[in-house]
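Trainee: here is my input; please provide its structure:
(one chain, ligands or ions: 2)
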Amino acid sequence: MELKLSQLLIDSALTGNVRSVEMALKKIAPKIKSDNPELYQYITNKLQSNLLRSKDNSKILPVDTDSRLQLVRVENPVLLPSAPILSEDIESKLLQVVKERSLMEKLLEVGLTPTKTILFEGPPGVGKTMSARWLANKLELPLIVLDLATVISSYLGKTGSNIRSVLDYASSFPCVMLLDEFDAIAKRRDDDRELGELKRLVTVLLQTLDDWPESSILIAATNHSELLDPAIWRRFDLQLKFSNPTPEMIESYIEQLHPDLKDHKELLCNLFSGKSFSDIERTFNLSKKEAFIKEKPFINILLKRSEHSEQTPATSKKHISKTERNEIILNLYRQGFSQRRISEETGLSRPTIKKIITTLQSIEST
Ligand SMILES: Nc1ncnc2c1ncn2[C@@H]1O[C@H](COP(=O)(O)OP(=O)(O)OP(=O)(O)O)[C@@H](O)[C@H]1O
Ligand SMILES: [Mg+2]
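Mentor: Numbers count the residues shown, from 1 in each chain. Ligands and ions are numbered 1, 2, ... in the order given. I've put the predicted structure just below:
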């Protein structure tokens, strides 16, 4: 590759000049075609994808007319260190959305519309925001996130027009628009405390959902779908219910993100059962730091921390067999849990716990 072209590419990238990056790549591609067909193909794909074109949106970001604060955050490109761990059902539905986008023209030709609006509902920390980012990353589209704080803090009566300008902006070029904490703006109209304002907002949202263009995807995320106005709820093409991870999902999480702990995965799955991914991640991160500072094995600190967390270990769940329960009890004991603590968590008396531990230990030693 010629020195001048390489310099042009580097300078344009560093100054964020997407037009020049595109121009440099167009010049570079034919020059490397015979020597490096793989790189040529990569560059050609990028040039044809939405990534560069959509980044070239010289559109002015919407702002609150009084405070001049920006009403959205833009992530472009969206970079994700790893994909979210999802239930089979949610994963297959999201993959279908990606597939539909790749077949968009064909679908439109036969009169079918790809999924344009999706509602993510579920408790905190289970991957709603992460999945919206994942989708934008897969589709190579910018992610536009509504800054709810600015929108809501705007003067009374302005929320509706602010949201309208955000939605007009996001529907004017290909992107993934994320309306986080959607319940805050799409509450039932029978909430009579803020009736006038809410009515206006819901009307704006209903129109937006009806007129949303195929080129973009609108994702609304909420922890409280029961608060949403039923008319809004019905209008989404797809509704996905997220929940706290199952033991199998926690197992995948450990295998993919903490392979060094795979020997302890069964125990960890039990300890973290019922927790959200963000809680699990927080416990992992805090334990890593503590282990580093105290120069102690990570796993010991992790187990100690999870001992103090509030969740109930799976030992108290009815579906596990006695043998499994006894093994978990012995493991907990080996990891430093006191017999008193194991007794509290399992609901079994201390003498029973003691008996289980001594019996299993004597079996193992023979
Ligand atoms: N499904 C998942 N797979 C892997 N990591 C996850 C998953 N869900 C959450 N996490 C971890 O927890 C963090 C928070 O997740 P995220 O922001 O997606 O939660 P959320 O469902 O949007 O929660 P909230 O309702 O509070 O907005 C992520 O950055 C990620 O590190
Ligand atoms: Mg979120």
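Trainee: immediately after the host helix or strand of I328, which helix or strand?
Mentor: Per DSSP states H and E: I328 is located in helix 322-334. Following helix 322-334 in sequence order, the next helix or strand is helix 339-346 (DSSP H and E).
Trainee: keeping just the C-alphas, turn whatever helix or strand comes next after that following helix into CSV.
Mentor: Sequence-wise, the next helix or strand downstream of helix 339-346 (DSSP H and E) is helix 350-365. Backbone C-alpha positions of helix 350-365 (Å, rounded to 0.1, in the frame of the first residue of the first chain) are rendered in CSV as follows:
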residue,chain,number,x,y,z
ARG,A,350,-27.0,-28.5,62.5
PRO,A,351,-26.8,-32.1,63.7
THR,A,352,-28.1,-33.2,60.3
ILE,A,353,-25.6,-31.1,58.4
LYS,A,354,-22.8,-32.5,60.6
LYS,A,355,-24.0,-36.0,60.0
ILE,A,356,-24.1,-35.5,56.2
ILE,A,357,-20.6,-34.0,56.2
THR,A,358,-19.0,-36.7,58.4
THR,A,359,-20.7,-39.5,56.4
LEU,A,360,-19.6,-38.1,53.0
GLN,A,361,-16.1,-37.5,54.3
SER,A,362,-15.8,-41.0,55.7
ILE,A,363,-17.1,-42.5,52.4
GLU,A,364,-14.5,-40.5,50.5
SER,A,365,-11.6,-41.6,52.7
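Trainee: begin at 36 from here
Mentor: Got it, the first residue is 36 from now on, which makes the last one we talked about helix 385-400.
Trainee: any idea how far helix 385-400 is from the chain center?
Mentor: Taking C-alpha atoms, centre = their mean, to the nearest Å, one finds the center of helix 385-400 at 43 Å from the center of the full chain.
Trainee: what residues does that helix touch?
Mentor: Residues from elsewhere that reach helix 385-400 (C-beta atoms under 8 Å, 6 or more residues apart in numbering): 361-362, 364-365, 368, 374-375, 377-378, 381, 383. For the C-beta atoms, the positions are set from N, CA and C on the backbone; glycine is no exception.
Trainee: what's the most distant pair in those residues?
Mentor: E362 and R375 (19.8 Å; C-beta to C-beta).
Trainee: more crowded one of those two?
Mentor: Neighbour totals were compared for E362 and R375, and E362 leads with 17 against 10 (other C-beta atoms under 10 Å).
Trainee: residues touching the more buried one, list them.
Mentor: Counting by C-beta under 8 Å, 6+ apart, E362 touches L395.
Trainee: element containing E301?
Mentor: According to DSSP H and E, E301 maps onto helix 300-307.
Trainee: for T100, which non-adjacent residue is closest in space?
Mentor: K193 (7.4 Å; C-beta to C-beta, 6 or more residues apart in numbering).
Trainee: typo on my end, it should be P282
Mentor: Leaving aside its chain neighbours, P282 sits nearest to C304 (4.3 Å; criterion: C-beta to C-beta, 6+ apart).
Trainee: tell me how many other residues crowd that neighbour.
Mentor: 19.
Trainee: thought it was touching T281?
Mentor: No - counting by C-beta atoms under 8 Å, C304 stays clear of T281, with 9.1 Å between them.
Trainee: and L302, what does it touch?
Mentor: The contact partners of L302, by C-beta under 8 Å, 6+ apart, come to 338, 363, 366-367, 370.
Trainee: mind putting those residues into a markdown table with neighbour count, pLDDT and distance to I63?
Mentor: Formatted as a markdown table, the contacts of L302 follow (neighbours: other C-beta atoms under 10 Å; pLDDT from 0 to 100; distance: C-beta to C-beta, whole Å):
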| residue | neighbour count | pLDDT | distance to I63 |
| --- | --- | --- | --- |
| L338 | 21 | 80 | 53 |
| I363 | 21 | 81 | 59 |
| N366 | 18 | 81 | 57 |
| L367 | 25 | 81 | 59 |
| Q370 | 17 | 74 | 56 |
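Trainee: go through the residues you listed and name the one nearest ligand 2.
Mentor: Nearest to ligand 2 among the contacts of L302 is L338, at 28.8 Å by C-beta to the ion.
Trainee: does that closest one really touch Y368, like I thought?
Mentor: No - counting by C-beta under 8 Å, L338 does not reach Y368; the two are 11.3 Å apart.
Trainee: now the strands for the protein?
Mentor: Here the chain has its strands, by DSSP state E, at 107-110, 152-156, 178-181, 211-214, 252-257, 273-276.
Trainee: the fifth one packs against which elements?
Mentor: It refers to strand 252-257. In terms of contacts (3 or more C-beta pairs under 8 Å, 6 or more residues apart in numbering; DSSP states H and E), strand 252-257 is packed against strand 152-156, helix 163-174, strand 211-214.
Trainee: perfect, that will be all.
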